[in-house]
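Asker: Have a look at this prediction, sequence included:
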Amino acid sequence: MNEIYESISTPVNTPGPGLADPAEDLQALEAQICQLAGHLAAATCRFLLLVADFDTRRGWATWDLPSCAAWLAWKCQIAPGTAREHVRVARALPALPAIRAAFAAGTMSYAKVRALTRIATPATDADLAELATPMTAGQLERFTRAHRTVTAADDHNAATRRHLSWRTEQDGSLALSVRLPADQGSVVLHALRAAAGDLRHPHHDPDGGVPAETPPPETDGPDPAATGLADALVHVTGGYLAAKITTADNADLYQVIVHAGPEALTAGPAADVPAGTPPGHPADPRRCHLDDEPALSPATAQRLACAATITWMLHDHDGTLLDAGRRHRTPPPALRRAVRERDHSRCQFPGCNSRRTDVHHIRPWAQGGPTRLDNLILLCQAHHVIVHERGYRITPAAPAGYTFTQPTAAPSQTAPTCPPPAPTSPAATTRPSPATPSSRTGTATSSTSTTPSGSPSPTPA
C-alpha cells in the first residue's frame with residue numbers, strides 16, 4: 001500500500017513557461033490517474049475479500065448486529081445500500097477465480113466486477129472475464145441486465161414488492177416513488193414517453209430553427225426529458241379522470257376539489273396568501289387549498305377556475321355551511337367550438353402556434369366575467385400559466401386580435417399587422433425589409449404584445 005500513498009502524495013505538477021512540454025505533462029497526468037484507478041481496484045478487491053472472510057466467520061454477530069451489511073455501514077461509514085452490495089459481491093468473489101484474479105491485478109474495475117457477479121457462475125467465470133475486457137462498465141451493465149436469468153421466484157418477488165409511495169414536500173409539491181415488475185414498468189415508461197412526445201410544445205423543440213452546427217445550450221436547470229415525463233404523467237392521469245367524469249354516476253369520485261375563498265379568486269396575481277393560513281377553516285376568505293390540504297397560490301386557483309366546475313358555498317363566521325349553489329361548468333361545448341373556430345384552434349399569445357389549448361376567461365369568471373364568446377380566448381397551457389402568474393391584461397386590439405399587457409408596463413404594440421405591400425412596376429421588384437416583424441412575432445424587451453386575428457402567418461426564417 002505504500003506505493004499507493006507515494007503516488008497520491010506526488011501529483012504531477014503543472015509546468016510553468018519553458019519548464020516542460022505541456023502535452024508530455026498531460027500524458028503523465030493521464031497515466032498517473034489510470035495507475036491510481038488500478039490501485040483502487042486492487043485495494044477494493046482486497047477489501048472485499050476481507051469482508052467475505054469477516055462475514056463467513058460472523059464477526060458482525062459479536063456486535064449484536066443483524067447482518068454484515070449493517071456492521072459495514074456502521075464501522076466503515078458506508079451507505080446501507082452500498083454496504084449490502086459490497087457484501088453481495090464479497091460473497092460471490094471466492095467462487096469466481098478468473099474474475100477475482102483480474103480484479104486483484106487492477107485490470108478490472110469494481111463496476112465491472114459488480115455487474116459480472118450478478119450472472120457469473122464457476123462454469124462461466126473464465127469466459128465472462130475474457131468477454132468483459134474490451135467492454136466499458138456501462139456496456140457491461142447493459143449486457144448483464146439482458147443476460148440475467150430471471151426465475152419464477154424472481155418474478156414473484158418483483159410482483160410482491162411492487163408499490164407506490166408519496167410524500168408532500170415543504171413547498172406543497174408531491175414526490176412519488178414507484179417500484180414495478182419489469183414488464184409493468186415498461187408499459188408505464190412507454191406510455192409516458194409517448195404522451196411526452198404528444199405534449200411537446202413548439203417553443204420547447206430543441207432543434208426548431210437552430211442550425212445543425214450550433215452546440216446545445218448549457219443549463220443548470222432540470223432535465224427537459226424528466227420534466228416532459230412528469231408532464232406526461234399528469235396528462236395521462238388527468239385524461240383518465242376526465243373520461244370517468246363524463247360516464248360516472250357520481251362524478252365527485254373523479255374530481256380534484258380546490259377550496260378557494262372569494263379574496264383568493266379575485267385578488268391580483270401579486271396578492272400574498274400566507275402559507276400558514278389554516279386551510280381547513282371555511283370562514284377564511286383568503287383560503288386556497290386542495291381538498292387534502294396542500295396550499296395553492298391564488299394565481300393557480302384563478303387559472304384552474306377558467307375551465308373548472310365551480311360550486312359556491314356560504315359559511316358563517318364559525319365555518320358552518322349555510323347554503324350551497326348549483327355547479328357551473330364553463331364554458332359549454334357549443335361555446336368551446338365557437339371559440340376554437342374564431343381563434344383557428346391555436347394559442348393566441350403572440351408568437352405561439354400551439355394547437356393544445358385551454359379556454360381562458362379574459363375577465364375572470366370569479367370577478368364577474370361572463371361566459372360568452374367575447375370574453376373567451378384560446379391559450380396553450382404554458383401561456384395560460386404565464387398570463388395568470390404574471391398578471392397579463394388582455395384587451396381587444398384594433399382592428400382585430402388581442403393586446404397582452406403586464407400591469408406594470410405601458411401598453412405598446414410589438415407585433416402590429418404588416419402594412420400592405422407598395423405597388424411595384426413589372427420591371428422592378430421590392431424586397432421586404434428584414435426588420436419588418438412577422439404578424440405574430442414580438443420583441444423580447446417589451447412587456448406588451450399584440451396578436452392579430454385570422455390565420456397565423458409563419459415566422460420568417
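Answerer: Structure's in. What do you need?

Asker: pull the CA atoms of the helix or strand hosting Gln302 into CSV?
Answerer: Element membership of Gln302 [criterion: DSSP states H and E] is helix 298-305. Taking Å, rounded to 0.1, in the frame of the first residue of the first chain, the C-alpha atoms of helix 298-305 are listed here in CSV:
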residue,chain,number,x,y,z
PRO,A,298,-54.2,32.5,-5.9
ALA,A,299,-52.8,32.5,-9.5
THR,A,300,-53.1,28.7,-9.7
ALA,A,301,-56.6,28.8,-8.4
GLN,A,302,-57.6,31.5,-10.8
ARG,A,303,-56.1,29.5,-13.7
LEU,A,304,-57.9,26.3,-12.7
ALA,A,305,-61.2,28.3,-12.4
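
Asker: dump the residue contacts of the residue nearest to Lys244 when sequence neighbours are not counted.
Answerer: Among residues not flanking Lys244 along the chain, Tyr254 sits closest, at 4.2 Å (C-beta to C-beta, 6 or more residues apart in numbering). Where you see a C-beta, it was placed from the backbone N, CA and C, and this is true even at glycine. Tyr254 is in contact with 241, 244-245, 248, counting by C-beta atoms under 8 Å, 6 or more residues apart in numbering.

Asker: Chain neighbours aside, what residue packs nearest to Arg88?
Answerer: Computed as C-beta to C-beta, 6+ apart, the closest residue to Arg88 that is not its neighbour in sequence is Thr117, at 7.1 Å.

Asker: Tell me who's in contact with Ala191.
Answerer: Residues near Ala191 by C-beta under 8 Å, 6+ apart: 232, 236.

Asker: average pLDDT across the helix holding Gln302?
Answerer: Averaging pLDDT along helix 298-305 gives 79.

Asker: Just list what it packs against, helices and strands only.
Answerer: Helices and strands in packing contact with helix 298-305 are listed as strand 258-260, helix 262-266, strand 288-290, helix 381-390; criterion 3 or more C-beta pairs under 8 Å, 6 or more residues apart in numbering; DSSP states H and E.

Asker: and if we set it to 7 Å?
Answerer: Helices and strands touching helix 298-305, as assessed by 3 or more C-beta pairs under 7 Å, 6 or more residues apart in numbering; DSSP states H and E, comprise strand 258-260, helix 262-266, helix 381-390.

Asker: Give the buried residues for the lengthiest helix in the chain.
Answerer: If each helix of the chain is counted by residues according to DSSP state H, the longest one is helix 22-56. Buried residues in helix 22-56, counting neighbours by 16 or more other C-beta atoms under 10 Å, are found at 39, 41-42, 44-45, 48-49, 51-52, 54-55.

Asker: right, and Ala159 touches Ala182 too?
Answerer: No: applying C-beta atoms under 7 Å as the test, Ala159 and Ala182 come out as separate, 10.4 Å apart.

Asker: helix/strand/coil for the residue most central in space within the chain?
Answerer: Most central in the chain under C-alpha atoms, centre = their mean is Thr227, positioned 2.0 Å from the mean C-alpha point. Each residue gets one of three states, and Thr227 gets helix by DSSP: H, G, I helix; E, B strand; the rest coil.

Asker: again, but for Phe404
Answerer: Of the three states, Phe404 takes strand according to three-state DSSP.

Asker: correct me, but it touches Ile394?
Answerer: Yes: proximity of Phe404 to Ile394 meets the contact threshold set by C-beta under 7 Å, at 5.8 Å.

Asker: need the least confident one among the helices and strands packed on helix 298-305, by mean pLDDT.
Answerer: Confidence, taken as mean pLDDT, is least for helix 262-266 of those (a mean of 75).

Asker: Show me what it is packed against.
Answerer: Looks like helix 262-266 contacts helix 298-305 (3+ C-beta pairs under 7 Å, 6+ apart).

Asker: need the next SSE after the helix it packs on, C-terminal direction.
Answerer: Moving toward the C-terminus from helix 298-305, the next helix or strand (DSSP H and E) is strand 309-310.

Asker: what is the mean pLDDT for that following strand?
Answerer: Average pLDDT, strand 309-310: 71.

Asker: and it, how far out from the chain's middle?
Answerer: 29 Å (C-alpha atoms, centre = their mean, to the nearest Å).

Asker: Tell me the strands beside it, with direction?
Answerer: In the sheet containing strand 309-310, its partner strands are strand 328-329 (antiparallel), by DSSP bridges.

Asker: Which strand or helix spans Leu72?
Answerer: Element membership for Leu72, per DSSP H and E: helix 68-75.

Asker: tell me, how many neighbours does Leu116 end up with?
Answerer: Here the number of neighbours of Leu116 (other C-beta atoms under 10 Å) works out to 26.

Asker: wait, it sits on Glu130?
Answerer: No: with contacts counted by C-beta under 7 Å, Leu116 stays clear of Glu130, the gap being 11.2 Å.

Asker: could you give the angle of the helix holding Leu72 to helix 22-56?
Answerer: Between helix 68-75 and helix 22-56, the angle comes out at 120 degrees (axes from the mean of the first three to the mean of the last three C-alpha atoms, to 10 degrees).

Asker: How about the secondary structure of Leu314?
Answerer: Per three-state DSSP, the local secondary structure of Leu314 is strand.

Asker: Identify the bridge partners of it.
Answerer: Listed beta-bridge partners, Leu314: Asp323 (assigned using DSSP bridges).

Asker: burial of it, as a residue count?
Answerer: If you count neighbours by other C-beta under 10 Å, Leu314 ends up with 11.

Asker: Same question for Arg88.
Answerer: By other C-beta under 10 Å, 14 other residues sit near Arg88.

Asker: The residue nearest to Arg88 contacts Ala92, correct?
Answerer: Yes: under the criterion of C-beta under 7 Å, Thr117 is in contact with Ala92, at a separation of 4.0 Å.

Asker: Tell me how the protein divides into domains.
Answerer: What the record gives for the chain is the domain set 2-14+21-150, 157-199+225-254, 256-328, 330-413, from automatic domain parsing.

Asker: most tightly surrounded among those domains?
Answerer: domain 330-413 (a mean of 17; mean count of other C-beta atoms under 10 Å).

Asker: which residues does His384 contact?
Answerer: Contacts for His384 were tallied using C-beta atoms under 7 Å, 6 or more residues apart in numbering; they are 303, 358, 360.

Asker: one more time with 8 Å, if that's ok
Answerer: For His384, the set of contacting residues under the criterion of C-beta under 8 Å, 6+ apart consists of 303, 306, 358, 360.
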